[in-house]
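Trainee: I would like to see how this sequence folds:
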Amino acid sequence: MPNHFHFLIQIRDEATIEQFYTAKFPTSITPSKDYGKIVMQQFSNMLNGYAQAYNKMFYRKGALFIDYLRRKQVTDDAYFIRLVQYIHNNPVHHHFCSSIEDWTYSSYQTILSEKSTNIERESVLQWYGGAVAYKDYHIHTVELQNEIEF
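Mentor: Numbers count the residues shown, from 1 in each chain. So this is what the prediction gives:
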């Protein structure tokens, strides 16, 4: 969307993060045990790299993003299922398109397709009980949101 975006990511366990960090930086000082800080640094690096490439491509300078990220831990199945639908419905909610299927930059269609992807398609579909249930949940919840304002 023009003014914000959402990522739903699964963070690896602490042992895997530490193993990655020590493999990537073998001569550096032992990593901080603040794994949240390590993960957030990776996001910072990604967003800074994107901003630099964007600025170079469009002959501009300066910040591209506001200086903060909001993050929320997904702690239960119901919240995960609702969050996926919330992210997919967000462009509709903000009137950038009229239906979930219309938003080009969403993972909604990718999860339903057979094309190769890095998205954990099967894992997501399993949370919903399959592709039909995934699609039905998205459609039903959007209809509910039209009736009840969140």
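Trainee: where along this structure do the strands fall?
Mentor: Under the criterion DSSP state E, the chain carries no strands.
Trainee: For it, give me the ranges with low pLDDT.
Mentor: For the chain, residues meeting the criterion pLDDT under 70 lie at 27-32, 141-150.
Trainee: any idea how it splits into domains?
Mentor: 1-71, 77-147 (automatic domain parsing).
Trainee: for those, which one ends up most surrounded?
Mentor: Per-stretch averages of neighbours, counted by mean count of other C-beta atoms under 10 Å, single out domain 77-147 among the domains of the chain, with a mean of 14. The C-beta positions use only the backbone N, C-alpha and C, and glycine is treated the same way.
Trainee: Centre of the chain to it, how far?
Mentor: The chain centre lies 12 Å from the centre of domain 77-147; the measure is C-alpha atoms, centre = their mean, to the nearest Å.
Trainee: next one: stretch 60-69
Mentor: With C-alpha atoms, centre = their mean, you get 19 Å for stretch 60-69.
Trainee: what does it rub up against?
Mentor: 40, 43, 47, 50-51, 54-55 (C-beta atoms under 8 Å, 6 or more residues apart in numbering).
Trainee: Which ones among those lie within helices?
Mentor: Among those, the ones falling in helices (DSSP state H) are 40, 43, 47, 50-51, 54-55.
Trainee: would you list these in a markdown table and tack on distance to Ser123?
Mentor: Converted to a markdown table, those look like this (distance: C-beta to C-beta, whole Å):
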| residue | distance to Ser123 |
| --- | --- |
| Met40 | 24 |
| Phe43 | 21 |
| Leu47 | 25 |
| Tyr50 | 26 |
| Ala51 | 30 |
| Tyr54 | 31 |
| Asn55 | 35 |
